[in-house]
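Peer 1: I'll drop the sequence and a predicted model, then ask my questions.
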Amino acid sequence: MTVTVETLEKLERKITLTLPVGTIQSEVDSRLKKLARTVKMDGFRPGKVPMNVVAQRYGYSVHYEVMNDKVGEAFSQAANEAKLRVAGQPRITEKEDAPEGELAFDAVFEVFPDVKINDLSGAEVEKLSAEVGEDAIDKTLDILRKQRRTFAQRAQDAVAQDGDRVTVDFEGKIDGEPFQGGKAEDFQFVVGEGQMLKEFEDAVRGMKSGDSRTFPLSFPADYHGKDVAGKQADFLVTVKKIEASHLPEVNEQLAKSLGIAEATVEGLRADIKRNLEREVKFRLLARNKNAVMDALVANAELDLPNASVQSEVSRMVEGARAELKQRGIKDADKAPIPDEVFRPQAERRVRLGLVVAELVRANNLQAKPEQIKAHIDELAASYEKPADVVRWYFSDNNRLAEVEAVVIENNVTDFVLGKAKVNEKSVSFDELMAQQQG
């Protein structure tokens, strides 16, 4: 087959396909004969339906199937012969001026771009580092102790203070009217931990059991309850019970209750440090990987295939609808979500995917089996039964593919950091933990 490829615009191409009418008809006849052997129709025994009746009933649908199959085969063959990497599905239309005895079609489609990655030695990447200090271990210990604290009722004349658990009844009104979610009985929260809005905590702090108080409360403009966001309410709160919290001592008993193999204070602190260092390592890797990817995209030149971007947009819209459905939103699958909301993110993902794929191909950065195994071992190390977690990963090809993708990204990160101008920056543990993960 001689294939002529016409360039329309940037990545858009056009191929004209021709098929002999006889080939189409021959395949249609063959499929109808095969169908006639099994088709069931009223008034005829199975396999005894006349061909003209079968053709009359099924001819159109079989002809449509054959046309789709044959045109698809012809397009695949033509694209392979022309060594084209097709992005997305072609738009195929039949031509009217086909030669006698032939059918002609125009296939318009996009191809994947050539990716040019400029010299990475000129790229600048900020690389963060962080250490796990004693203060980070102390803070984690405090969190673990809070998770295991106990509460004991205070005396009747004691006042509520930070750290106390209070049981309250409350009712809020806006312009004298109750509102949804503004009333509760026997509601518990710990004072000073930010579970409630500041004005609510300030009102309860200093109250005694049996006390009631009315106070104004302004809901923030970005409050999650849209009906009350930005509005002012008047609340009546009654304190029914105040309980003082008791934190367990940092001792061997606490270490034992946490399942630490070496049930000593030193063993507990060492275990916390190992877990924090693992978390720091993954966070640094994620943050530095994002910085590398930004530099990589900035140093690459390519056109984006619209078909790939649209496919990614559609995938993200479906993901958003699935998330809405999970939250219990009614008719989430019909939610009007404009494509433009996700287009910038989709364009970046497609661009990054093409650039990374080219860098991996050109520099042999594929994931090696031993790298995949090492990464899974590291992921499993923080679990109680690491061997079970390792088996879980290796029992599913999709999970393995996800790990492989991460390892490839790590290889790309190391490769770029080895080429670029790296600006080292040390940050505190708290700073790193506060940063959003991309």
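Peer 2: All right, it came through fine.
Peer 1: how about stretch 408-415: buried residues?
Peer 2: 408, 409, 410, 411, 412, 413, 415 (16 or more other CB atoms under 10 Å). To be clear about C-beta, it is placed using only N, CA and C from the backbone, and glycine gets the same treatment.
Peer 1: Could you pull up the mean pLDDT of stretch 335-352?
Peer 2: Computed over stretch 335-352, the mean pLDDT rounds to 89.
Peer 1: can you give me the offset of that stretch from its chain's centre?
Peer 2: 13 Å (CA atoms, centre = their mean, to the nearest Å).
Peer 1: Stretch 284-291 now?
Peer 2: 17 Å.
Peer 1: Same check on stretch 404-416?
Peer 2: Distance, centroid of stretch 404-416 to centroid of chain: 19 Å (CA atoms, centre = their mean).
Peer 1: In the stretch 301-438 of the chain, mark out all the strands, start to finish.
Peer 2: 421-426 (DSSP state E, counting those that start in this stretch).
Peer 1: What are the boundaries of the helices in it?
Peer 2: 306-326, 343-363, 369-380, 386-394, 397-419, 429-434 (DSSP state H, counting those that start in this stretch).
Peer 1: residues of the fourth one that come out buried?
Peer 2: Buried residues in helix 386-394, defined by neighbour count with 16+ other CB under 10 Å: 389, 390, 393.
Peer 1: Would you map out the domains in the protein?
Peer 2: 4-111, 150-246, 262-301+345-435 (the TED database).
Peer 1: do you know which of those domains lies nearest residue 135?
Peer 2: domain 262-301+345-435 (7.6 Å; CB to CB).
Peer 1: Excluding chain neighbours, what is closest to residue 265?
Peer 2: residue 250 (6.0 Å; CB to CB, 6 or more residues apart in numbering).
Peer 1: Distance of that neighbour relative to residue 190?
Peer 2: 20 Å (CB to CB, to the nearest Å).
Peer 1: now residue 253
Peer 2: Residue 253 is 23 Å from residue 190, by CB to CB.
Peer 1: Neighbour count: the two, which is higher?
Peer 2: residue 190 (19 against 11; other CB atoms under 10 Å).
Peer 1: Correct me if wrong: the more buried one contacts residue 164.
Peer 2: Yes - under the criterion of CB atoms under 8 Å, residue 190 makes contact with residue 164 at 7.1 Å.
Peer 1: Identify the contacts common to the two.
Peer 2: Both residue 190 and residue 164 are contacted by residue 245, under the criterion CB atoms under 8 Å, 6 or more residues apart in numbering.
Peer 1: could the buried residues of stretch 408-415 be laid out in CSV, adding pLDDT?
Peer 2: Formatted as CSV, these follow (pLDDT from 0 to 100):
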residue, pLDDT
408, 94
409, 92
410, 92
411, 94
412, 94
413, 93
415, 95
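Peer 1: Nearest to residue 426 among the residues you listed?
Peer 2: residue 413 (18.7 Å).
Peer 1: Next up, the contacts around the closest one.
Peer 2: Counted by CB under 8 Å, 6+ apart, residue 413 has contacts 285, 288, 289, 292.
Peer 1: how about the nearest residue in space to the first one that is not next to it in sequence, what does it touch?
Peer 2: The shortest distance from residue 285 to any residue other than its chain neighbours is 6.9 Å, reached at residue 410 (CB to CB, 6+ apart). Residues in contact with residue 410, defined by CB under 8 Å, 6+ apart, are 285, 289, 371, 375.
Peer 1: For the last one, give me the pLDDT.
Peer 2: Note for residue 375: predicted pLDDT of 93.
Peer 1: Quick check: it touching residue 403?
Peer 2: Yes - with contact defined as CB under 8 Å, residue 375 reaches residue 403; the gap is 5.7 Å.
Peer 1: Can you give me the pLDDT of the spatially most central residue of the chain?
Peer 2: The centroid of the chain falls nearest to residue 319 when counting by CA atoms, centre = their mean (8.4 Å). On the pLDDT scale, residue 319 is placed at 87.
Peer 1: Equivalent analysis for residue 245, please.
Peer 2: 94.
Peer 1: And for residue 437?
Peer 2: So residue 437 comes in at 55 (pLDDT).
Peer 1: What is the neighbour count of the nearest residue to residue 157 once chain neighbours are set aside?
Peer 2: Nearest in space to residue 157, with sequence neighbours left out and distances taken as CB to CB, 6+ apart, is residue 208 at 6.1 Å. Residue 208 is flanked by 14 other residues according to other CB under 10 Å.
Peer 1: Restrict whichever helix or strand residue 237 is part of to CA atoms and write it as PDB.
Peer 2: Using DSSP states H and E, residue 237 sits within strand 232-246. What follows is strand 232-246, C-alpha atoms only, in PDB (Å, rounded to 0.1, in the frame of the first residue of the first chain):
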ATOM      1  CA  GLN A 232     -23.300  36.200  62.600                       C
ATOM      2  CA  ALA A 233     -25.200  33.900  65.000                       C
ATOM      3  CA  ASP A 234     -26.200  34.100  68.700                       C
ATOM      4  CA  PHE A 235     -25.500  30.900  70.600                       C
ATOM      5  CA  LEU A 236     -26.800  29.700  73.900                       C
ATOM      6  CA  VAL A 237     -24.400  27.100  75.500                       C
ATOM      7  CA  THR A 238     -24.900  25.100  78.700                       C
ATOM      8  CA  VAL A 239     -22.000  23.200  80.200                       C
ATOM      9  CA  LYS A 240     -23.100  19.800  81.600                       C
ATOM     10  CA  LYS A 241     -19.800  18.200  82.500                       C
ATOM     11  CA  ILE A 242     -16.100  19.100  82.700                       C
ATOM     12  CA  GLU A 243     -13.400  16.400  82.700                       C
ATOM     13  CA  ALA A 244      -9.700  16.900  83.200                       C
ATOM     14  CA  SER A 245      -7.300  15.100  80.900                       C
ATOM     15  CA  HIS A 246      -4.500  12.800  82.100                       C
END
